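1. Build me a model:
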Amino acid sequence: MDSRISKQDISEAVAGQAHPGVALAAAISTVSLVGVGLSLTMALLAVRLAQDGYSARAIGLNPAAGGIATLIVAVFIPDFARRLGVQNLLFLALAIAIASLSAFMLYESYWAWLVVRGVFGISLTILFVLSEFWINIVAPPKRRGIILGIYTTSLAAGFAIGPAILALTGTAGALPFIAAIVLFLVAGVPVALVGGQAPVLERHPQSSPISFLVAAPVATLAALVYGAIETAAMGLLPVFALRSGMDAETGAILVSLFALGNVIFPIPIGMLSDRLDRRRLLQAIAAVGVVGALLLPVAERLHFAAFAILLVVWGGAVGSLYAVGLAHLGARYRGVELAAANATYVMFYSAGMLIGPAFLGIWLDMTPAGLFIAIAGMLAVYAGVVSWRIVVRPS
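-> A predicted model of the protein is given here:
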């Protein structure tokens with residue numbers, strides 16, 4: 001990929017560069033509020049399905065509908081944004097999300113939720129692709145890592161807050177869905193205020209998802225692995241809690257602990273990524289993730305406090321995969337190609353959403369510890385890919 005910036009690339013970035021601090025704050029605020037509503041919804045649906053007697057495999061399959069939707073629609077998002085404008089497309093995505101949450105509330109059945117999850121997934125894909133593209137194109141190159149660390153921390157804070165809201169609203173009735181709808185409504189405020197400063201896309205991208213995978217496998221596969229782990233944590237940790245003798249509220253707290261680690265670690269690790277070879281940093285993160293995943297079942301049997309602390313640390317380490325991988329990708333591309341690269345990144349994340357929960361749910365059905373053993377295996381494979389890439393492409 002030629003990293004030189006063309007005149008078209010400059011024109012595509014001008015709108016987003018008008019007030020970069022304000023633009024960054026708006027994009028990060030919007031996607032963080034979306035994160036609160038998303039994590040609340042994922043934990044809520046998992047608990048409801050578990051209480052209705054569905055297996056971990058069936059519960060893990062339900063979020064996969066969102067992954068399928070992303071795989072279908074993500075590649076078209078740069079062109080949709082070019083035609084409609086980034087601001088208008090963000091508003092449309094928020095409207096679709098609110099309609100989906102209303103449908104979850106009105107039609108409570110496994111198969112109806114499976115269909116709505118697909119529609120909900122389309123809206124979330126648009127929101128994340130455009131927000132991350134906006135952040136990546138505005139971020140100064142020498143500070144991209146820390147800015148994406150701030151973004152990841154803000155998003156993770158939203159993920160941590162979402163399930164905790166269930167402790168206030170409960171998991172029964174319409175109230176938790178209404179809370180999620182309010183969050184998505186509020187998320188539209190930053191878009192309304194400064195969405196006109198979003199980048200303008202003036203041409204079609206020339207690269208395909210396969211070309212991005214070939215050119216930057218370390219980054220794209222980081223999204224795949226983290227998508228599998230994060231979605232499983234959000235959807236299956238409550239099931240793990242129930243299978244281990246805990247109650248539903250404790251299961252929601254486990255999701256918040258996992259997300260809390262994502263609040264603490266991404267900023268310092270993002271700072272490191274601005275100074276180190278990001279591939280070697282990703283290699284180290286994966287290795288720490290393997291060790292932590294193998295220790296978690298042991299800690300759970302010893303003492304809940306030890307398990308909770310380790311879950312925070314492990315969640316923070318694994319959660320840094322996303323920010324560092326995204327920064328690695330953002331350093332390679334510009335303009336509309338960056339938008340297409342971000343779409344590909346979210347596609348691979350969603351492929352992880354599709355594959356991970358169903359696969360990990362099978363292991364959880366075997367034994368509660370199977371969830372973490374399978375995650376350790378996934379991270380070990382990724383660490384091997386990164387090591388291979390460092391050997392064949394030293395620079």
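2. Look up the closest residue to the residue most central in space within the chain, ignoring the ones flanking it.
-> The residue lying closest to the centre of the chain (C-alpha atoms, centre = their mean) is residue 227, at 6.2 Å. Nearest non-adjacent residue to residue 227, counting by C-beta to C-beta, 6 or more residues apart in numbering: residue 352, 2.5 Å away. No exception for glycine: its C-beta is placed from N, CA and C like everyone else's.
3. Just the pLDDT for the residue nearest to the centre of the chain.
-> Residue 227 is assigned 87 on the pLDDT scale.
4. buried set for the host helix or strand of it?
-> Using DSSP states H and E, residue 227 sits in helix 217-243. Within helix 217-243, the residues that qualify as buried are 217-243, counting by 16 or more other C-beta atoms under 10 Å.
5. Show residues contacting the helix or strand hosting residue 185.
-> Element membership for residue 185, per DSSP H and E: helix 175-194. With contacts defined as C-beta atoms under 8 Å, 6 or more residues apart in numbering, helix 175-194 is touched by 19, 22-23, 25-27, 29-31, 33-34, 36-37, 40-41, 44, 87, 90-91, 94, 97-98, 101-102, 104-105, 165-166, 169-170.
6. give the contact list for the residue nearest to residue 227.
-> Each residue near residue 352 by C-beta under 8 Å, 6+ apart is listed here: 67, 223-231.
7. Looking at the residues you listed, spot the one nearest residue 56.
-> residue 231 (13.2 Å; C-beta to C-beta).
8. Could you identify the helix or strand that succeeds the helix holding residue 227?
-> Assignment by DSSP H and E places the next element after helix 217-243 at helix 248-264.
9. Now do that next one and helix 217-243, the angle between them.
-> Orientation note: helix 248-264 sits at an angle of 150 degrees relative to helix 217-243 (axes from the mean of the first three to the mean of the last three C-alpha atoms, to 10 degrees).
10. Let's see stretch 350-369 as CSV, backbone CA atoms only.
-> Provided in CSV are the C-alpha atoms of stretch 350-369 (Å, rounded to 0.1, in the frame of the first residue of the first chain):
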residue,chain,number,x,y,z
SER,A,350,-17.7,-9.4,13.7
ALA,A,351,-16.4,-12.6,12.2
GLY,A,352,-15.1,-13.2,15.7
MET,A,353,-18.5,-12.4,17.1
LEU,A,354,-19.9,-15.0,14.7
ILE,A,355,-17.4,-17.8,15.4
GLY,A,356,-16.4,-17.2,19.0
PRO,A,357,-19.6,-17.4,21.1
ALA,A,358,-20.9,-20.5,19.4
PHE,A,359,-17.5,-22.2,19.5
LEU,A,360,-16.8,-21.2,23.1
GLY,A,361,-20.4,-22.0,24.1
ILE,A,362,-19.7,-25.7,23.2
TRP,A,363,-16.7,-25.7,25.5
LEU,A,364,-18.7,-24.1,28.3
ASP,A,365,-21.4,-26.7,27.9
MET,A,366,-18.7,-29.4,28.6
THR,A,367,-17.4,-27.7,31.7
PRO,A,368,-17.3,-24.1,33.1
ALA,A,369,-13.5,-24.0,32.9
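11. what about it, average pLDDT?
-> For stretch 350-369, the per-residue pLDDT averages 82.
12. Extract the residue ranges of the stretch 1-150 of the chain that are flagged as low pLDDT.
-> 1-20, 60, 63 (pLDDT under 70).
13. er, the stretch 151-300 of the chain actually
-> Applying pLDDT under 70 to the stretch 151-300 of the chain flags residues 195-196, 198-207.
14. Can you tell me what sits against stretch 384-395?
-> By C-beta under 8 Å, 6+ apart, stretch 384-395 touches 217-218, 221, 279-280, 282-283, 286.
15. Looking at these, which is nearest residue 127?
-> For these, the nearest to residue 127 is residue 221 (22.9 Å; C-beta to C-beta).
16. Next, the contact list for the closest one, please.
-> Contacts for residue 221 (C-beta under 8 Å, 6+ apart) come out as 213, 348, 382, 385.
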